[in-house]
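S.K.: sequence plus the predicted model coming up.
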There are 2 protein chains.
Amino acid sequence: MQIVGELINASRKKIRNEIKEKNYDAIVQVARDQHEHGADFIDVNAGIFVGQEADYVKWLVQTVQENVDTPCCIDTPDPAVLEEAVKVHKGTPMLNSISLEKDRYEKMLPMVSGKDMRVIALCMSDEGMPYTKDDRMKIASKLINNLVQKNVPLDNIYVDPLVQPIGSGDRFGVEFLNTIEALNREFEGVHTICGLSNISYGIPKRKFANQTFMIMAITKGLDSAILNPLDKRMMASITAAETLMGKDPFCEKYVTAYRESAFEF
Amino acid sequence: MQIVGELINASRKKIRNEIKEKNYDAIVQVARDQHEHGADFIDVNAGIFVGQEADYVKWLVQTVQENVDTPCCIDTPDPAVLEEAVKVHKGTPMLNSISLEKDRYEKMLPMVSGKDMRVIALCMSDEGMPYTKDDRMKIASKLINNLVQKNVPLDNIYVDPLVQPIGSGDRFGVEFLNTIEALNREFEGVHTICGLSNISYGIPKRKFANQTFMIMAITKGLDSAILNPLDKRMMASITAAETLMGKDPFCEKYVTAYRESAFEF
């Protein structure tokens, strides 16, 4: 499973202050912690700093990559910010995100076409949030086909079917899970990704519900996620689920994780 | 999910002694505890008492049903024991189990044909334990078709694809899960059941692995299980997974379970 570490996000109050003051050591620490706990990409988001976003995101990319040998996930709706960030980025970055919303789609598509870039494709259009698997697949199909036509290989596309709270619709969980399954069946080689904590919005025991939903999504084929890699129980759930899915020869990763205290929580 | 409470089994040392001494109060307590924690059936097994099994099983059925309004799951390979137990059983019992092993199959089939009885059908034949989904489906198809021909309705058949340890075969988890999925697709209306703790035999953190595997099996459509209903974390995993599968309108069961401290462990 590919993990995008979500912690360097200016919507988190502590991080907002560290970014504002360009506190180099603090950002390095958060990047290192996430990398050491399994992040394959470090998300960087400075979206709340209107007018200064490009400057801060560039600084974040440089700060992270001077210390951690990991690509960044550049989390912005603004193509100008992306352009600046890519200039200083080493290796293949990930863009978070493109969607079928006209404005974002038209601005972001030229930024990724033919580039060496991974891209998160949100199942969102101007008609609003999709409800059923079929609605999601319609958007996903268009996005995937258009990206492939623009020379983005399937292996660089990470489709996010969007998780909506189970508390606001009984079928939001199962429609999401069925979309993951359909994407794997119909577009072999494409990645699927999500930030799944929305599922538990408004119900109690959110962490437990989130871990449970992660295991369910892996069972349907989810292969990437945006999350907090320091959440030990979540990471242990991922390790166990992948082992049980037959992706861990001789249970080696599972047993190693156990020896390294990954199951102590 | 239909839960078969597994605790009244003479292979457990404490229970063996209680049965041997016909300790009425002790058995009643174990039956009550399981029922109160969600058991829909109470398994009764006195298999180690050779020659006295029928007597003990009858006593167990009566002891349980005098105190708990629940059918029993009569856990025996011996048709004579089953016959005696059924005589004193109130309501529709469950048989654990029939299989395609010639001896068990020929002895048990007449006992269930045309009877008001639920039956666990093990995916086991004289050729040994099946490995792949296809091997399991071959056995399951024969068992289901033969039982249906003998007037056992699909709704009374609980197919157990048999869980084997992930530590002895990387694909044992996924072949089991794929069998659950195939059974639901090909035999709509049949039940699927398992005792899943074998999955973690030989690896560390067994309970955590078992809970994870239960969530995965529910995601593929498992609708019944033989387990210890006093295992709070397992029961909470089932509640959460079923809610996320869209089987819990308005998250009512989930929230009720939370209020009743089901998530405190």
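M.R.: It's in.
S.K.: need the residue closest to the centroid of chain A.
M.R.: A:I226 (3.4 Å; C-alpha atoms, centre = their mean).
S.K.: could you say which helix or strand contains that residue?
M.R.: Using DSSP states H and E, A:I226 sits within strand A:224-227.
S.K.: and that strand, which strands flank it?
M.R.: As defined by DSSP bridges, the strand partners of strand A:224-227 come to strand A:2-5 (parallel).
S.K.: can you list the residues that contact the strand it pairs with?
M.R.: Taking C-beta atoms under 8 Å, 6 or more residues apart in numbering or on different chains as the criterion, the residues outside strand A:2-5 that touch it are A:31, A:34-35, A:37-43, A:73, A:94, A:96, A:191, A:193, A:223-229, A:238. Backbone N, C-alpha and C define where each C-beta goes, glycine included.
S.K.: again, only using 6 Å
M.R.: Contact with strand A:2-5 is made by A:Q34, A:G38, A:A39, A:D40, A:F41, A:I42, A:D43, A:C73, A:S224, A:I226, A:P229, as judged by C-beta atoms under 6 Å, 6 or more residues apart in numbering or on different chains.
S.K.: tell me which of those residues fall in helices.
M.R.: A:Q34 (DSSP state H).
S.K.: would JSON lines of the contacts of strand A:2-5 with pLDDT be doable?
M.R.: Output for those, formatted as JSON lines (pLDDT from 0 to 100):
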{"residue": "A:Q34", "pLDDT": "98"}
{"residue": "A:G38", "pLDDT": "96"}
{"residue": "A:A39", "pLDDT": "98"}
{"residue": "A:D40", "pLDDT": "98"}
{"residue": "A:F41", "pLDDT": "98"}
{"residue": "A:I42", "pLDDT": "98"}
{"residue": "A:D43", "pLDDT": "98"}
{"residue": "A:C73", "pLDDT": "98"}
{"residue": "A:S224", "pLDDT": "98"}
{"residue": "A:I226", "pLDDT": "98"}
{"residue": "A:P229", "pLDDT": "97"}
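S.K.: from the contacts of strand A:2-5, pick the one nearest chain B.
M.R.: A:G38 (17.2 Å; C-beta to the nearest C-beta).
S.K.: number of residues surrounding the closest one?
M.R.: For A:G38, the count of nearby residues is 18 (other C-beta atoms under 10 Å in any protein chain shown).
S.K.: is the very next helix or strand once past the strand holding A:I226 anywhere near chain B?
M.R.: Later in the chain than strand A:224-227, the nearest helix or strand by DSSP H and E is helix A:232-244. Yes: applying C-beta under 6 Å from any C-beta of the partner chain, one finds helix A:232-244 touching chain B at A:A240, A:A241, A:L244.
S.K.: now rank those by neighbours and give me the top one.
M.R.: Ranked by the number of neighbours (other C-beta under 10 Å), those place A:A240 first, at 33 neighbours.
S.K.: give me the pLDDT value at that one.
M.R.: Looking at A:A240, its pLDDT is 98.
S.K.: ok, now which ones touch it?
M.R.: Contacts of A:A240 by C-beta under 6 Å, 6+ apart are B:A209, B:T212.
S.K.: that one and A:K253: what is the separation?
M.R.: A:A240 sits at a distance of 10 Å from A:K253 (criterion: C-beta to C-beta, to the nearest Å).
S.K.: likewise for A:L109?
M.R.: 37 Å.
S.K.: got it, and A:G114?
M.R.: Taking C-beta to C-beta, one finds A:G114 at 36 Å from A:K253.
S.K.: between these two, who's got more neighbours?
M.R.: A:K253 (16 against 9).
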